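>>> below are the sequence and a predicted model for it; my questions follow.
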Amino acid sequence: MARLALRGIVRDYGTLRVIHGIDLDVAEGEFVVFVGPSGCGKSTLLRMIAGLDKPTGGDIEIDGIRVNDRSAAERGLAMVFQSYALYPHMTVRQNLAFGLENQRMPRAEIDRRIADAARMLQIEHLLARKPGQLSGGQRQRVAIGRTVTREPGIFLFDEPLSNLDAELRVQMRVELSQLHKRLRATMIYVTHDQTEAMTMADRIVVLRAGRLEQAGSPLALYNHPANRFVAGFIGSPRMNFLPATVSPNGVRVDGLDELALERFAVAQGAAVSLGVRPEHFEFVDAGGLPGTVDLVEHMGGESYVYVTLANGERITVRRPGQTGLVGGSNVRAAVLQGQAHLFHTSEGEAAVARL
Amino acid sequence: MRAALARLIDWPFEALQRALGAARMPYVFVLPNLLVFGIFVVLPMLLNIWYATTSGAELMPGQRPFTGLANFAELLDCGNYLNVASCRQDRFWRSVDNTLWFVAFQVITMVVLSLITALVLNRKMALRGFFRAVFFYPVLLSPVVVALIWKWILQPDGVLNAILVANGGQRVPFLLDPSWSFFWTVVVSVWAHMGFYVLILLAGLQAIPPDLYEAAAMDGTPQWRVFWRITLPLLMPNMAVVLVLGLIRAVQAFDEIYVLTGGGPGTATQYIVQYIYETAFAGQVHIMGLAAAASMLVGGVLLVLTLLQLLASARAKQ
Ligand SMILES: Nc1ncnc2c1ncn2[C@@H]1O[C@H](COP(=O)(O)OP(=O)(O)OP(=O)(O)O)[C@@H](O)[C@H]1O
Ligand SMILES: [Mg+2]
């Protein structure tokens, strides 16, 4: 178990800056998930932590010691690669033993660790096979096993589940969370899937274009997104955004009537973006935003209603249970009390504080 | 324009297809290749078998008396196989002996050098493309040109001796001393063919996923262990192809060496193919029968090696 600190990490490729000064502290035993769209620099950041890549500027500290100039091996970390990167010509057992043999560990200790990891990951019956003879999920387990046997200070994962099918992904997600609980290890996990981030993380770090947008617990990010990007990225289906102007009792959505809201710290007449999550709309008989239902998706336990508002904007509404609405129905969508978000339309699109 | 051209080419095939039916058309398309293969490969092979089992100095197959395995018996007739001089065809055995030494030295040197070169060229370095071209270039040269270049370097008043003398050294008769001469046939043939094998090994190296090396780095693997436990095992299929192809080509060594040393001094660098060539075509009497028998023996060895090669590349594909 170790803690990690990033201090002003910058990474340039030639004249192109892909990481713009990242500061972050990861506590001992914390499960931190880096999440962001493709190309935002998640892998680059993880590889710099791992020691596979060097930052152009800034410091990386593990347990308070600067490790910029230490090799990957000396940092005491272990990584699960997206491609698994299992040695194809070695058996599973040899794969698990390889890193330990490098440390000249006694054979008995190696065997003990392999036995422990194999039991924990339920790969005991696979030890004599080669990676080519395993399914994707089994390979994934072996790749995780290889890191577990190393007993690293920090576990690093780069999109480890992206090659698995949906069902297996859910299962491995649960298993990884359990693994974290059992080992109480520090883990840094990279993904572009916000669901993975929400379900597994102690803390989510949202990255965009090489910048840290917001870091916080899953619910903190869900309830109090710092800006429109984070609001849109966290949560599924994604938050609805409507252009609006601040009015005396709330906001006036462009082209529609005034919508009564609680008070926000913003001047009347300011242009804002109204953000409402699909689950925070309800249908009412009077007031709200008028529109017509395009389509209803019945999931059984809940329903997704796609609505085109009278001003032409489209929104998604998520209702619990089953609804009798059909395409063409006229509806009025109101925002649940206290659940609206406002965002400035200026650079950065920061969230407007509530009063 | 193109349509008109197509019509011009089409009509004979259309006529043929009408005459033969569509089912027989595939044979029409493979026929040209089969003819060439038959005339230049199958027919000579059959002729060779006939020559090997007949004797005399006659060239025309029909005028040669059948003697069964007599030619083979003559080639294999030795008082003591460890003593070349005790063999009836001591030139044959001397060239077999020379060839074995040549193959051993040439193949080992070539495999090791190609591997080292491929490893170096696979690294990120300045002018990598240029160096790759430098190593491949000799492969494109005609063997005669290769030999002439090296002759120009190695002859008594050649470039290498000029450099030696200029630095206060002695002239060395590189091509007139048996050991030196053997040494240079190995060097020249490695130089001439290495590029091809470097290419095969480079392809193999590039097929190894880079994240395996990153995983090895995370595992704290020392460089030598990365080489022995990851690079070499994953390169094995390509190494096997290189080894077997190299063996086959070394047994067949002839042209550049024949031009470079003529098999000399004496018979010091006379290898098996040269023996066959000279026995059949270069002497006062053309002893076709013996030469044909000898080439069948060599062919047998090459057949075994080729089967090995097929096996190796089949495994490489897996
Ligand atoms: N070797 C390189 N040379 C130049 N630019 C690079 C290099 N490697 C990465 N980049 C750039 O750095 C940025 C971040 O890449 P990175 O691989 O970290 O993205 P990512 O967040 O992991 O994306 P993904 O989710 O697709 O894996 C990208 O814009 C990419 O084009
Ligand atoms: Mg990535």
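Received, thanks. Ligands and ions are numbered 1, 2, ... in the order given.
>>> what residues does the stretch 101-250 of chain B put near chain A?
B:209, B:211-212, B:214-222, B:225, B:229-230, B:233-234 (CB under 8 Å from any CB of the partner chain). Just so you know, the C-beta spots here come from the backbone N, C-alpha and C atoms, and that holds for glycine as well.
>>> 7 Å instead, please
B:209, B:211-212, B:214-215, B:217-222, B:225, B:230, B:233-234 (CB under 7 Å from any CB of the partner chain).
>>> give me the pLDDT for residue B:254.
Looking at residue B:254, its pLDDT is 89.
>>> rewinding a little: quick one, which of the residues of the stretch 101-250 of chain B next to chain A are buried?
With neighbours counted by 16 or more other CB atoms under 10 Å in any protein chain shown, those contain buried members at B:211, B:212, B:214, B:215, B:217, B:218, B:219, B:220, B:221, B:230, B:233, B:234.
>>> number of nearby residues for the residue in the stretch 251-355 of chain A that chain B sits nearest to?
Closest contact between the stretch 251-355 of chain A and chain B, by CB to the nearest CB, is at residue A:348 (35.7 Å). For residue A:348, the tally of surrounding residues (other CB atoms under 10 Å in any protein chain shown) stands at 12.
>>> how about residue B:30?
So residue B:30, with other CB under 10 Å, has 10 neighbours.
>>> which SSE is it in?
helix B:25-37 (DSSP states H and E).
>>> which stretches in the stretch 151-300 of chain A count as helices?
Remark: helices assigned in the stretch 151-300 of chain A by DSSP state H, counting those that start in this stretch are A:166-183, A:194-200, A:218-223, A:228-233.
>>> sorry, back to before: can you pull the contacts of the residue of the stretch 251-355 of chain A closest to chain B?
Shown in contact with residue A:348 (CB atoms under 7 Å, 6 or more residues apart in numbering or on different chains): residue A:227.
>>> quick check: it is in a strand.
No - with DSSP: H, G, I helix; E, B strand; the rest coil as the criterion, residue A:348 is coil rather than part of a strand.
>>> for residue A:8, see how far away it is.
20 Å (CB to CB, to the nearest Å).
>>> just residue B:188 next, same as before
Distance from residue B:188 to residue A:8, by CB to CB: 59 Å.
>>> repeat for residue A:101
38 Å.
>>> contacts for the helix holding residue B:30, please.
B:16, B:17.
>>> now that helix, how far from the centre of its chain.
Its chain's C-alpha centre and that of helix B:25-37 lie 28 Å apart, by CA atoms, centre = their mean, to the nearest Å.
>>> show the average pLDDT along it.
Mean predicted confidence for helix B:25-37 is 92.
>>> picking that back up, quick one, which of residue B:188 and residue A:8 is more surrounded?
residue B:188 (26 against 12).
>>> show me what from chain A comes close to chain B.
Close to chain B, as judged by CB under 7 Å from any CB, chain A has residues A:50, A:52, A:72-73, A:77-79, A:81, A:83, A:85, A:87, A:89, A:98-99, A:102-103.
>>> ok, now with 8 Å
A:50-52, A:71-74, A:77-79, A:81, A:83, A:85-90, A:98-99, A:102-103, A:146, A:150.
>>> can you say which of the residues you listed are buried?
A:50-52, A:72-73, A:77-79, A:81, A:83, A:85-90, A:98-99, A:102, A:146, A:150.
>>> which helix or strand contains residue A:43?
Going by DSSP H and E, residue A:43 is part of helix A:42-50.
>>> quick one: that helix near ligand 1?
Yes - residues of helix A:42-50 contacting ligand 1 under CB under 6 Å from any ligand atom: A:42, A:43, A:44.
>>> tell me the strands beside whichever helix or strand comes after that helix, with direction?
Scanning forward in sequence from helix A:42-50 by DSSP H and E, the next helix or strand is strand A:57-62. Using DSSP bridges, strand A:57-62 pairs in its sheet with strand A:4-13 (antiparallel), strand A:65-66 (antiparallel).
>>> still on that earlier bit, in helices only, show me the buried ones among the residues of chain A next to chain B.
Of these, the ones assigned to helices by DSSP state H are A:50, A:98, A:99, A:102, A:146, A:150.
>>> show me what the closest residue to the last one other than its chain neighbours is bridged to.
If I follow you right, that is residue A:150. Nearest non-adjacent residue to residue A:150, counting by CB to CB, 6 or more residues apart in numbering or on different chains: residue A:78, 4.4 Å away. Beta-bridge partners for residue A:78, by DSSP bridges, are residue A:155.
>>> can you pull out the low-pLDDT segments for chain B?
Where chain B drops to pLDDT under 70, the residues are B:316-318.
>>> and the longest helix for it?
Longest among the helix segments of chain B by residue count, using DSSP H, is helix B:90-121.
>>> show me chain B divided up by domain.
Domain segmentation of chain B under automatic domain parsing yields B:2-52, B:70-317.
>>> how about the helix or strand residue A:318 falls within: buried residues?
Taking DSSP H and E as the criterion, residue A:318 maps to strand A:314-320. By 16+ other CB under 10 Å, the buried positions in strand A:314-320 come out as A:315, A:316, A:317, A:318, A:319.
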